[in-house]
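Q: show me the folded form of this:
(one chain, ligands or ions: 2)
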Amino acid sequence: MNLIPLIDKLSVENNLPREELKLLLGNMTTEEEAYLFATARTTAQAVYGRNVFLRGIVEFSNYCRNDCRYCGIRASNANAERYRLSIEQILESCRRAQELGFMTVVLQSGEDLSYSDDDISDIVSEIKRRWPTCAVTLSIGEKTRESYQKYYDAGADRYLLRHETSNPLHYAYLHPSGMSVRNRQRCLEDLKDIGFQVGCGMMVGSPMQTTENILEDLLFMKDFQPHMAGIGPFIPHSGTPFAEESPGSVQLTLHLLSIIRLMLPNVLLPATTALGTSDPMGREKGILAGANVIMPNVSPVFAKKKYILYDGKICTDEDASYCNRCLEMRMKRIGYSISRSRGDYKTLDDFQSVSHIDKT
Ligand code: SAM
Ligand code: FES
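A: Ligands and ions are numbered 1, 2, ... in the order given. As a prediction, this is how the structure comes out:
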């Protein structure tokens, strides 16, 4: 079956019937793959230009009450060296991000209940007071609607919470018994309803993931219409029950980035650190497959070395200014520039049809 007409159809209609979408998740010829990447790239460029948005990520605590089976900072990994950044250390990391011209900071942590809602709100409002033009993204897990509302009222703009998988059985395989697809999706709905720009997403190749699961994830995303989508390969961590599992495929991750770009043309789509860890050129390949965001780490180096979700994580020795220069050069080499704007989600009104544009 020739997949080029399906890629064209997806690019024009931003949707495909389930069975056709499934064909795009199977094998592709080199020509079909190149066409998929080029079409997704053209779509991303039509909406956001040849720009890559940087988000400075501050990993402020690796304490976590959860026990997700894939994750290196899961509560029962006794070998994880735990740390928490003080409010001053978090603000110092944000200052570093500002100095480097990153117009978004992402505050990420395990689910660490030692930071109260008031603490998080105070940190957000202090960032906004010091750097009013900087966007603040939170990625701190599942909370009540009331908590999310407090963070939003304090000035947080965006929230990342991967849905991980939309299949309840697969979800149960990856997570401890207290967690559920239902609550995860309730969180995502609440966040969107409150007014956040919201990111969902999943790992590619997580243990027991099937093609049907990926298909369900794509359909979930199409229906949910996230502003951001975090898609990266699963990478095993030696201190987890999945230590011996195989890593997710870089190639499938790239295909999915392109498919998601075509389904959701305006989505903000990171070429993730996990992709860069799985393949030394992973972030470049991700951008060339339609991604448009990179999230350099601006945490202090001692924290970077301890926030280890999977083995071999890149950029844990380098400080943020080194990564900034490195990324600038890497993006330039593939014909892209780093944008110093906030890189907010563009609404459909901002987006013009790109179906007529040459796929060069
Ligand atoms: N606690 C927050 C949450 O649950 O959203 C944020 C931190 S959590 C560690 C961030 C993301 O890392 C997860 O959503 C998961 O998809 C990803 N992750 C965790 N372990 C991973 C692994 N072994 N390989 C690839 N990605 C992983
Ligand atoms: Fe960190 Fe290249 S981006 S060393």
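
Q: quick one: name the residues of the protein near ligand 2.
A: If contact is defined as C-beta under 6 Å from any ligand atom, the residues of the chain in contact with ligand 2 are 315, 318, 322, 323, 326, 327. C-beta here means a position set from N, CA and C on the backbone, and glycine is covered the same way.

Q: what sits against the second one?
A: When you say that, I think you mean residue 318. 301, 326 (C-beta atoms under 8 Å, 6 or more residues apart in numbering).

Q: change it to 6 Å
A: Taking C-beta atoms under 6 Å, 6 or more residues apart in numbering as the definition of contact, residue 318 has no neighbours.

Q: would you say it is within a strand?
A: No. When the secondary structure is assigned by DSSP: H, G, I helix; E, B strand; the rest coil, residue 318 falls in coil instead of a strand.

Q: quick check: it vs ligand 1, distance?
A: Note on residue 318: its distance to ligand 1, by C-beta to the nearest ligand atom, to the nearest Å, is 20 Å.

Q: quick check: that residue vs residue 206, distance?
A: Here the criterion is C-beta to C-beta, to the nearest Å. By it, residue 318 lies 28 Å from residue 206.

Q: show me where the protein has helices.
A: Secondary structure of the chain, counting by DSSP state H: helices at 4-13, 18-24, 30-48, 87-99, 117-130, 145-154, 168-174, 181-194, 211-224, 250-263, 273-278, 282-288, 301-304, 320-333.

Q: any chance of JSON lines for the ones you listed, columns mean pLDDT and distance to ligand 1?
A: Putting these into JSON lines (pLDDT from 0 to 100; distance: least, C-beta to the nearest ligand atom, whole Å) gives the following:
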{"stretch": "helix 4-13", "mean pLDDT": "98", "distance to ligand 1": "25"}
{"stretch": "helix 18-24", "mean pLDDT": "98", "distance to ligand 1": "22"}
{"stretch": "helix 30-48", "mean pLDDT": "98", "distance to ligand 1": "22"}
{"stretch": "helix 87-99", "mean pLDDT": "97", "distance to ligand 1": "15"}
{"stretch": "helix 117-130", "mean pLDDT": "98", "distance to ligand 1": "13"}
{"stretch": "helix 145-154", "mean pLDDT": "98", "distance to ligand 1": "13"}
{"stretch": "helix 168-174", "mean pLDDT": "98", "distance to ligand 1": "9"}
{"stretch": "helix 181-194", "mean pLDDT": "98", "distance to ligand 1": "9"}
{"stretch": "helix 211-224", "mean pLDDT": "98", "distance to ligand 1": "12"}
{"stretch": "helix 250-263", "mean pLDDT": "98", "distance to ligand 1": "10"}
{"stretch": "helix 273-278", "mean pLDDT": "98", "distance to ligand 1": "5"}
{"stretch": "helix 282-288", "mean pLDDT": "98", "distance to ligand 1": "12"}
{"stretch": "helix 301-304", "mean pLDDT": "96", "distance to ligand 1": "14"}
{"stretch": "helix 320-333", "mean pLDDT": "96", "distance to ligand 1": "19"}
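
Q: would you list the ones you listed in a markdown table and tack on mean neighbour count?
A: A markdown table is the format used below for the helices of the chain (neighbours: other C-beta atoms under 10 Å):
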| stretch | mean neighbour count |
| --- | --- |
| helix 4-13 | 17 |
| helix 18-24 | 15 |
| helix 30-48 | 20 |
| helix 87-99 | 18 |
| helix 117-130 | 17 |
| helix 145-154 | 17 |
| helix 168-174 | 16 |
| helix 181-194 | 17 |
| helix 211-224 | 17 |
| helix 250-263 | 24 |
| helix 273-278 | 24 |
| helix 282-288 | 23 |
| helix 301-304 | 16 |
| helix 320-333 | 16 |
